[in-house]
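Participant: what shape does this take:
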Amino acid sequence: MTEAGKDRAKIDPVIVEIIRNGVIAVTEEMKTNLMRTAYNLIVYEALDFTVGIYTADGETISIGMGLPMFIHGMAETVKANLRKFGREGLDPGDILVTNDGYITGSHLYHVTFTLPIFHDNDLVAFACCMAHWPDIGGTLESITTDIYQEGLQLPLLKYQKAGVVNQEIVDIIMMNVRLPSRAMGDLRAQITALKTGERRFLELIARYGCDEVLGSIAVIMDESEMIARELTRSIPDGVYEADSFMDDDGLDIGKRTPIHVKIEVRGEEMTVDFTDMGRQVRGGFNSGTTTGIGCAQVAYKCLTSPTDYPINDGAFRTLKVILPPGRVISAIRPAPIRTWMSAPMTVIDTIFRAVAPAIPHRTIAAHHADLVIGVMHGIKDNTFFVNHFGPLGGGWGAKHNEDGVSATVCINDGDTHNSPSEQLEAKLPIFVEYYRLRQDSGGAGRHRGGLGVEMCIEALTPMTMNARVERSHCKPWGLDGGAEGEGNKVQLRINGEWKEGPNAKVLAARIKAGDAMVIRSGGGGGFGPPEQRDFAAIEDDVRQGYVTLEAAEDAYRVVFDRATGAIDRAATEARRQNRA
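Facilitator: This next block holds a predicted model:
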């Protein structure tokens with residue numbers, strides 16, 4: 001980059017805004033092309049993927065709206081490739097691949113491809129794409145106890161070198177996955193997304209000039225930093241701490257994993273300290289250090305500059321993260337990480353809980369905090385199948401000025417979608433008995449928590465079902481006197497009888513035709529004292545079926561007139577005065 005490109009003051013502000021929207025458009029087109037060309041339901045329907053554009057140093061320029069946790073994961077993947085290959089080891093036409101979860105901040109199912117972008121033989125940026133493959137080998141049953149049980153591990157490799165695909169890598173992948181044709185279909189879709197990003201980014205350079213594009217990106221990052229600094233200064237200085245927990249690791253049943261966060265705000269900087277976080281566990285509910293840093297970044301972005309786009313690394317220059325190794329969100333290889341996404345959601349909820357006393361108007365009560373998915377596999381028409389149902393969505397916590405949203409995917413998965421029942425029934429030997437809102441699941445409050453959902457899947461052929469669901473016992477808490485929401489639940493119907501275990505984890509359940517699994521996602525916590533809720537809102541909740549009349553009377557200490565369906569004001573006042 002020339003001196004002119006480095007001189008940010010000389011960049012035309014109009015060009016900066018064009019580039020700002022241009023890089024957003026690039027990542028959105030990458031996302032659209034991946035969605036349209038993918039082979040698997042979890043990619044093209046659930047949208048379990050993320051795309052992004054990165055600087056030549058691996059800093060995030062823009063990521064497509066997708067999985068928030070990958071705000072750090074893909075940037076770290078690009079930097080890891082730079083550390084391994086160096087700039088001098090990268091050439092036009094190279095495409096890099098890995099699924100190393102300790103680098104990417106996820107699990108082995110998330111395969112990440114990276115393409116270095118060159119202009120006039122100079123490395124100017126990277127395009128990156130992560131997508132969830134439905135199978136990567138490894139065991140499909142039980143709780144894993146080390147990374148080796150979880151499937152094929154791909155270190156940092158060159159899938160393609162100078163335009164030539166390394167067929168040996170392709171052969172290794174196809175030998176180790178159960179659905180090779182589908183894996184190759186998603187692989188090609190990811191390459192399409194990368195090349196879309198490369199083409200569109202180079203078109204920006206061709207139109208506006210390399211110095212102007214790269215200089216504008218530097219200005220955008222500086223502006224994001226200034227916004228984050230200003231909003232961090234608006235948080236009162238102090239040290240804020242909070243605790244919660246995970247139910248268990250699926251092996252030591254009932255042994256809670258403590259979640260502790262410490263937030264220190266000093267002027268325009270925030271430090272998130274995870275030193276006292278629970279240690280890594282035996283079962284596969286750990287995640288790597290990349291994920292732990294991502295937790296802090298997602299929470300910080302929500303608290304400071306949630307509407308500043310594109311999402312880029314400039315917004316995190318004022319954030320410091322203290323994360324010793326060996327914690328549940330900084331696990332050390334070969335710790336199992338298959339269900340990596342569970343703890344981070346609760347960590348983020350807990351950060352919001354910690355700072356709520358200082359900035360109640362910018363925080364939110366806890367949400368259901370789990371993907372709440374079931375995974376099934378078996379044989380149909382002599383063909384192996386493996387797929388999931390969900391993410392179901394669930395209840396989000398209420399805010400200081402509004403109710404929580406219902407049936408919405410958890411914070412980890414952002415823009416991912418649920419799977420339409422018709423799609424599931426068309427592709428899998430199942431019948432969806434019902435998929436509906438879960439009545440009475442939202443926590444009461446001046447503003448009510450959102451409702452969870454419940455989905456019942458009946459098997460039409462023998463199969464094996466698994467559900468590794470968390471937050472059954474650690475229910476979504478309320479804020480400022482609001483009540484907690486219901487926790488996540490999983491039940492099996494075997495021979496017509498419903499059975500429920502000590503947690504929300506069902507492992508390697510062999511079921512036959514007519515048996516079923518029901519998953520119920522939790523509701524969100526309430527905000528503010530329930531007795532301050534507007535009577536009209538309570539009546540509407542009952543009328544809409546969100547809350548039963550009996551639950552409303554109990555939670556809000558009101559009395560309904562059964563004949564009219566309205567709250568009896570006089571009787572309610574008398575009841576509240578006679579609280580004792």
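
Participant: make it CA atoms for all contacts and neighbour counts henceforth
Facilitator: Fine.

Participant: how long is stretch 171-189 end to end?
Facilitator: The straight-line separation of the ends of stretch 171-189 (CA to CA, to the nearest Å) is 18 Å.

Participant: and for stretch 154-169?
Facilitator: End-to-end distance for stretch 154-169, by CA to CA: 9 Å.

Participant: ok, now stretch 500-515?
Facilitator: Using CA to CA, the end-to-end distance of stretch 500-515 comes to 14 Å.

Participant: what is the mean pLDDT for that stretch?
Facilitator: Taken as a whole, stretch 500-515 has a mean pLDDT of 94.

Participant: cool, and stretch 241-260?
Facilitator: So the average pLDDT for stretch 241-260 ends up being 97.

Participant: repeat for stretch 435-448
Facilitator: Average pLDDT, stretch 435-448: 98.

Participant: try stretch 167-179
Facilitator: The predicted confidence, averaged over stretch 167-179, sits at 97.

Participant: report the buried residues of that stretch.
Facilitator: Neighbour-count burial for stretch 167-179 flags 169, 173-174, 176-179 (criterion: 16 or more other CA atoms under 10 Å).

Participant: relative to residue 45, which of those is nearest.
Facilitator: residue 179 (18.1 Å; CA to CA).

Participant: skip the chain neighbours and tell me the closest residue to that closest one.
Facilitator: residue 135 (6.8 Å; CA to CA, 6 or more residues apart in numbering).

Participant: what about that neighbour, neighbour count?
Facilitator: 23 (other CA atoms under 10 Å).

Participant: so what's it up against?
Facilitator: By CA atoms under 8 Å, 6 or more residues apart in numbering, the residues touching residue 135 are 109, 177-179, 183, 386.

Participant: which ones among those residues map onto helices?
Facilitator: Applying DSSP state H to these, the entries found in helices are residue 183.

Participant: so which of the contacts of residue 135 comes closest to residue 311?
Facilitator: Nearest to residue 311 among the contacts of residue 135: residue 109, at 24.5 Å, using CA to CA.

Participant: contacts only, for that closest one.
Facilitator: Contacts of residue 109 by CA under 8 Å, 6+ apart are 99, 131-136.

Participant: need the buried residues of stretch 167-179 in a markdown table (columns: distance to residue 114).
Facilitator: Output for the buried residues of stretch 167-179, formatted as a markdown table (distance: CA to CA, whole Å):
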| residue | distance to residue 114 |
| --- | --- |
| 169 | 15 |
| 173 | 17 |
| 174 | 20 |
| 176 | 22 |
| 177 | 21 |
| 178 | 24 |
| 179 | 23 |
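
Participant: quick check: residue 515 touching residue 456?
Facilitator: No. Using CA atoms under 8 Å, residue 515 makes no contact with residue 456, being 10.3 Å away.

Participant: show me where pLDDT drops low in this protein?
Facilitator: Scanning the chain for pLDDT under 70 picks out 1-9, 580.

Participant: nearest to residue 380 among the contacts of residue 135?
Facilitator: Relative to residue 380, the closest of these is residue 386; by CA to CA it sits at 10.4 Å.

Participant: and that closest one, how far is that from residue 427?
Facilitator: 10 Å.

Participant: mind checking which of these two has more residues around it?
Facilitator: A count of neighbours by other CA under 10 Å puts residue 386 above the other of residue 386 and residue 427, at 18 against 11.

Participant: helix, strand or coil for the residue nearest to residue 179?
Facilitator: Local secondary structure at residue 135 is given as coil here, using DSSP: H, G, I helix; E, B strand; the rest coil.

Participant: kindly report the same for residue 364.
Facilitator: Quick answer, by three-state DSSP: residue 364 is coil.

Participant: same check on the one 5 residues further on?
Facilitator: Using three-state DSSP as the criterion, the local structure at residue 369 reads coil.

Participant: what's it sitting at in phi/psi?
Facilitator: The phi/psi pair for residue 369 (degrees, to the nearest 10) reads phi 50, psi 40.

Participant: distance check, it against residue 174.
Facilitator: With distances taken as CA to CA, residue 369 is found 34 Å from residue 174.

Participant: CSV please, covering the contacts of residue 135 and showing distance to residue 540.
Facilitator: Formatted as CSV, the contacts of residue 135 follow (distance: CA to CA, whole Å):
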residue, distance to residue 540
109, 43
177, 51
178, 50
179, 49
183, 48
386, 42
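
Participant: now, among the contacts of residue 135, which is nearest to residue 409?
Facilitator: Comparing the contacts of residue 135 against residue 409 with CA to CA places residue 109 closest, at 19.5 Å.

Participant: residue 102: how many residues sit nearby?
Facilitator: By other CA under 10 Å, the burial measure for residue 102, its neighbour count, is 23.

Participant: which residues touch it?
Facilitator: Contacts of residue 102 by CA under 8 Å, 6+ apart are 287-290, 333.

Participant: tell me the SS of it?
Facilitator: helix.

Participant: now do residue 550
Facilitator: helix.

Participant: how close does it get to residue 543?
Facilitator: 12 Å.

Participant: going through the contacts of residue 102, which ones are buried?
Facilitator: 287-290.

Participant: closest to residue 28 out of these?
Facilitator: Nearest member of the buried ones among the contacts of residue 102 to residue 28, counting by CA to CA, is residue 290, at 24.1 Å.

Participant: which strand or helix spans that closest one?
Facilitator: Per DSSP states H and E, residue 290 falls inside helix 289-304.

Participant: which strands and helices sit next to that helix?
Facilitator: helix 70-85, helix 101-104, helix 210-233, strand 319-322, helix 342-355 (3 or more CA pairs under 8 Å, 6 or more residues apart in numbering; DSSP states H and E).

Participant: helix/strand/coil for the residue nearest the centre of the chain?
Facilitator: Nearest residue to the geometric centre of the chain (CA atoms, centre = their mean): residue 412, 1.6 Å. Per three-state DSSP, the secondary structure class of residue 412 is coil.

Participant: still on that earlier bit, export the contacts of residue 102 to JSON lines and append columns for distance to residue 213.
Facilitator: Compiled in JSON lines, these are given as follows (distance: CA to CA, whole Å):
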{"residue": "287", "distance to residue 213": "36"}
{"residue": "288", "distance to residue 213": "34"}
{"residue": "289", "distance to residue 213": "32"}
{"residue": "290", "distance to residue 213": "29"}
{"residue": "333", "distance to residue 213": "40"}
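
Participant: closest one of those to residue 163?
Facilitator: Using CA to CA, residue 290 comes nearest to residue 163 of the contacts of residue 102, at 30.1 Å.

Participant: quick one: the residue nearest to residue 144 when sequence neighbours are not counted from residue 340, how far?
Facilitator: Spatially, and ignoring its direct neighbours in sequence, residue 144 is nearest to residue 284 (5.3 Å; CA to CA, 6+ apart). Distance of residue 284 to residue 340, given as CA to CA: 7 Å.

Participant: out of these two, which sits in the busier spot?
Facilitator: The residue with more neighbours, out of residue 284 and residue 340, is residue 284; 26 against 21, by other CA under 10 Å.

Participant: next, the contact list for the more buried one, please.
Facilitator: 143-146, 249, 335-340.

Participant: since that was my last question, I'll sign off now.
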